[in-house]
Every structure is written in structure tokens, then in C-alpha cells.
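1. Okay, predicted coordinates and the sequence, questions at the end:
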Amino acid sequence: MHSLLRVPNGPVDLSDVDPAGTPGFDGRKKDGKEATLDVADELADQQERLFAEGRTGGARSVLLVLQGMDGSGKGGTVKHVVGQVDPQGVRIASFGKPTKEELAHDFLWRIKAQLPPAGRIGVFDRSHYEDVLVVRVRELVPRRTWLRRYDTINRWEEGLVAGGCRVVKVFLHISPDEQRDRMLARLDDPTKHWKYNPADLDDRALWPDFMEAYEAVLERCNTEAAPWYLVPADRKWYRNWAITHLLLEHLQEMALQWPKADYDVEAEKQRILSARTV
């Protein structure tokens, strides 16, 4: 999935990408769900290896960055993809409107505080990219300010990777029609009302501006150290299948091994067998 979903270098035109596409998968919805479950155990195994490595002195971690318009499935990805692994090995952070304290610091300050420790998979539901997306579209800071942030982000991410954090950035590409249907579905279901935010309609009205901002992000922050992956998100089952495989491939590339015991295993067995209970 690396090469299939990776955003190519150069200018990006999101209108050329079908949000309902299923690159890499030819089956139907049922097949996609089954194929996701087929690799769930392997994903959990790789995550546990990473966790074990971190518990025994390893410094590596993984950061999954999820970006997309409202309703694109960031929360669904956390539930259906990341939810397949042991939660003690995961750190999830969601970034909304900055607080007064956060605004008093550099835009990366609140992001750095939520980075995954060694051995963990970190998940960002929205991220530092809001500061070159919403901030740009809403004109919350001068143009020269958000323009400088592209290079700042690239340097920071390169530093993360150099320090042992593998950065996996995913843009969930949803169509405006699908977003509309998902918004209406939330309003039709009282158990989903808490997910609906009337303010989301304000961003929907600025769809072309957001697409332009996303295209700039996908072009200017698509580095060798931390490339972007574009996942068509109109089909939830495909989104889950694609990101499950993408995350699994990254973990497999890390060649994670079970830590070797720093004690005499056979001696410990004998101690257990000879130990007396009260």
C-alpha cells in the first residue's frame, strides 16, 4: 500500500482522485471487511512487539496522523483500525480549537506534548496541520505566518523520524456528497447527535478553499522522511482495509523482534517449580 497510496511528488489536484475509489482492492464490501479481519492478528502481534521493545529499552515509536474534512472518518479509523490492537500500547490525541494557554505558545507546543513514548503507536485525530489548514482558510494569522510553517513542520517531522518515530500521515479524501449524507445520518440517529456540530456547516461552505489548502499541504509537506498517503474515504470499509494494511506494512518494515530475556530462562523455570506457596 506504500507505493499505491503515497502522494506523488509535485503539484496535487484532488479533483483527479475519486473519493469512492478502492485502489488495491477489487472485491466488494463484505470481502473488504473479511480481508481486514484476516490481518488483525498480525497487526496486533506487530504492535505488541513494538510495545515490548519499548518496555525493554527501545526508543522507537509510530505516529499515525489522520487529517480530513469533517465526517471523513478520523474517529472511525481510530475505532476500527487502531481498535484492533492492545489499547495499552496506543496513545490517542485529538486536537480541536486551541486553548488560551496553547495559543500563548508556539503552534507545535501542544503537539509535542502528545507525542507517543517509546514502544507506543500514537494517533493524532487532526494535528499540527490544522495550523496550515483552518488557520489559512479562516485567515486566523497573517499569510506570511502560515507560509513559514510548512518548512517548520518538515524540519520537525524529519527530526522525529531521525529520533526513531516513524511518521505515517494519512489524508482521508471524502466527497462533499458523502459528507452531506453522513451529516444527515447523524441527525437521523439520536445516538449520533453528539457527533454533529452545527459549526461544521461553516467549513462545508468553504470546501474549495479547504481543498486548495489540503493540496498545498500534500505538495509542500510530502517529504521522504514523512510522506503523505491519500486514502479514498467515501467507502468506510475500504478506508479501514487500506489503513490497516498501510499501518501493518510500516510496522513490518521496522523488523520488530521479541526482546531476548536478560535472565537465565531455565533457572527461572526451576525457581518456579521449587518455590513453596504459603
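-> Right, received. Where do you want to start?
2. which stretches of this structure form strands?
-> 61-68, 90-94, 121-125, 165-173, 228-232 (DSSP state E).
3. Not counting the worst-scoring helix or strand of the chain on mean pLDDT itself, show me its contacts.
-> Across the helices and strands of the chain, mean confidence by mean pLDDT, DSSP states H and E is lowest for helix 200-204: a mean of 83. With contacts defined as CB atoms under 8 Å, 6 or more residues apart in numbering, helix 200-204 is touched by 69-71, 134, 137, 176, 179-180, 183, 210. All C-beta spots, glycine's among them, are computed from the backbone N, C-alpha and C.
4. which ones among these are found in helices?
-> Residues of the contacts of helix 200-204 located in helices (DSSP state H): 134, 137, 176, 179-180, 183, 210.
5. what two of the residues you listed are the furthest from one another?
-> Largest separation among the ones in helices among the contacts of helix 200-204 by CB to CB: Val134 and Arg180, giving 20.2 Å.
6. who's more crowded, those two?
-> Comparing Val134 with Arg180 by other CB atoms under 10 Å, the one with more neighbours is Val134, at 17 against 12.
7. Please determine how far the nearest residue to that one once chain neighbours are set aside is located from Asp234.
-> Nearest residue to Val134 in three dimensions, chain neighbours excluded: Leu140, at 7.1 Å (CB to CB, 6 or more residues apart in numbering). In this view, Leu140 and Asp234 are 29 Å apart by CB to CB, to the nearest Å.
8. More neighbours: these two, which one.
-> Asp234 (22 against 13).
9. Need the pLDDT of that one.
-> Here the pLDDT value assigned to Asp234 is 98.
10. quick one: it and Ile174 touch, right?
-> Yes - here Asp234 reaches Ile174: they are 6.0 Å apart, a contact under CB atoms under 8 Å.
11. ok, back up a step: from the middle of its chain, how far away would the least confident helix or strand of the chain be?
-> Here helix 200-204 is found 22 Å from its chain centre; the criterion is CA atoms, centre = their mean, to the nearest Å.
12. again with stretch 28-46
-> The answer for stretch 28-46 is 18 Å, by CA atoms, centre = their mean.
13. Next, count neighbours for Gly75.
-> By other CB under 10 Å, the residues close to Gly75 number 14.
14. Redo the strands of the chain as JSON lines? Include distance to Pro23.
-> Converted to JSON lines, those look like this (distance: least, CB to CB, whole Å):
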{"stretch": "strand 61-68", "distance to Pro23": "17"}
{"stretch": "strand 90-94", "distance to Pro23": "27"}
{"stretch": "strand 121-125", "distance to Pro23": "23"}
{"stretch": "strand 165-173", "distance to Pro23": "11"}
{"stretch": "strand 228-232", "distance to Pro23": "7"}
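15. Let me have these in a markdown table, extended by mean neighbour count.
-> As requested, the strands of the chain are exported to a markdown table (neighbours: other CB atoms under 10 Å):
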| stretch | mean neighbour count |
| --- | --- |
| strand 61-68 | 24 |
| strand 90-94 | 17 |
| strand 121-125 | 23 |
| strand 165-173 | 23 |
| strand 228-232 | 23 |
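16. picking that back up, filter the contacts of helix 200-204 down to just the buried residues.
-> Buried subset of those (neighbour count, 16 or more other CB atoms under 10 Å): 69-71, 134, 137, 179, 183, 210.
17. Nearest to Ser127 among these?
-> Closest to Ser127, out of all of the buried ones among the contacts of helix 200-204 and judged by CB to CB, is Val134, at 11.4 Å.
18. Do you know the pLDDT at that closest one?
-> We have a pLDDT of 95 for Val134.
19. Repeat that for Lys169.
-> Looking at Lys169, its pLDDT stands at 98.
20. what's the residue lying closest to Thr36 once chain neighbours are set aside in contact with, if anything?
-> In space, and not counting its chain neighbours, Thr36 is closest to Trp241: 4.7 Å by CB to CB, 6+ apart. By CB under 8 Å, 6+ apart, Trp241 lies in contact with 25, 32-33, 35-36.
21. Which members of those residues are positioned in helices?
-> 32-33, 35-36.
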